[in-house]
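with the input below, show me the fold.
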Amino acid sequence: MKIIDRNGRLFGKISIIDVIVILAVLVVVLAVYVKTHKPQTGSNVDTTTIVYQMEVDNMPEYMLQAIQKGDQIYDKERSTGGSLGTITDIQVSDGTYEAKLSDGTYEVVPAENRYNLLLTIQGEGLIDENGNYLLNRVYNLGVNSSREFNNKYGLFLGRIVSIEAAQPQG
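Just a heads-up that it's a prediction; the model follows:
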C-alpha cells in the first residue's frame, strides 16, 4: 500500500491538503492556548512612599493662590507618566534677587511682590539598587535637579532640595 495514492490521498483515505489544514488549525489552537495560559513573567514590586522638597523661587503673588496643599504635581515634558506626588506642605518666604549695586558689587535684596515657596511633596515610587529614586517606577528624580513642573493651575520652575523614603508608620 502506498502512503499517497495518485489522487493525492493519504493512505487512500484523506486528502493531503485536508491534513495540512488540520495541522494548521491545531497549531493556531495550541498557540492561543499557550498565549492565554502561560504564567505571568512580570514581578509584583511594592512601591515606597517618597517625600521630597522642591524650591520654587520668585513666584508672583497670584501663584500663591494657584499652588495649594493637595494639588497633584506633574512634569510638563512627561505628561504620560502620571502624577509625581501630592503637595503636603507649603512654606512661603519673601522673594529675593541679586542686584548690582552702584559700587559694582552684588547683594541679595528683597523682590517686591515675589515669594519663594518650599513645597513638600509625597509620591509613590521605587528606590533602585544604586539608591536612585524613581517616582511612578520610571521618573528619575534627584537632589538639585531643576525642571518645569506644573499643577492644574500653573507652570513653574522647581529645584529639588531634598528627597528621602518615608519612614513606615507603626
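
tally of neighbours for the nearest residue to residue 135 once chain neighbours are set aside?
If you skip the residues right next to it in sequence, residue 135 has residue 125 as its closest partner in space, 4.1 Å away by Cβ to Cβ, 6 or more residues apart in numbering. From N, CA and C alone the C-beta is placed, and that goes for glycine too. Applying other Cβ atoms under 10 Å, we find 23 residues neighbouring residue 125.

same check, this time on residue 6
Other residues within reach of residue 6, judged by other Cβ under 10 Å, total 6.

surely residue 20 forms part of a strand?
No. The assignment for residue 20, made by DSSP: H, G, I helix; E, B strand; the rest coil, is helix rather than a strand.

which of the residues in the longest strand seen in the chain are buried?
The longest strand of the chain (DSSP state E) is strand 106-127. By neighbour count on 16 or more other Cβ atoms under 10 Å, the buried set for strand 106-127 is 111, 114-121, 123-126.

next, give me the two most distant ones among those.
111 and 126 (38.4 Å; Cβ to Cβ).

show me what residue 134 bridges to in the sheet.
On the basis of DSSP bridges, residue 134 takes part in beta bridges with residue 126, residue 140.

and the gap between the residue nearest to residue 135 and residue 148?
Remark: distance between residue 125 and residue 148 (Cβ to Cβ, to the nearest Å) = 20 Å.

again with residue 159
Here the criterion is Cβ to Cβ. By it, residue 159 lies 11 Å from residue 148.

which of the two has more neighbours?
Summary of the neighbour comparison: residue 159 and residue 148, criterion other Cβ under 10 Å, with residue 159 having more neighbours (15 against 12).

roughly how far apart are the more buried one and residue 95?
Counting by Cβ to Cβ, the gap between residue 159 and residue 95 amounts to 14 Å.

can you check residue 135 too?
28 Å.
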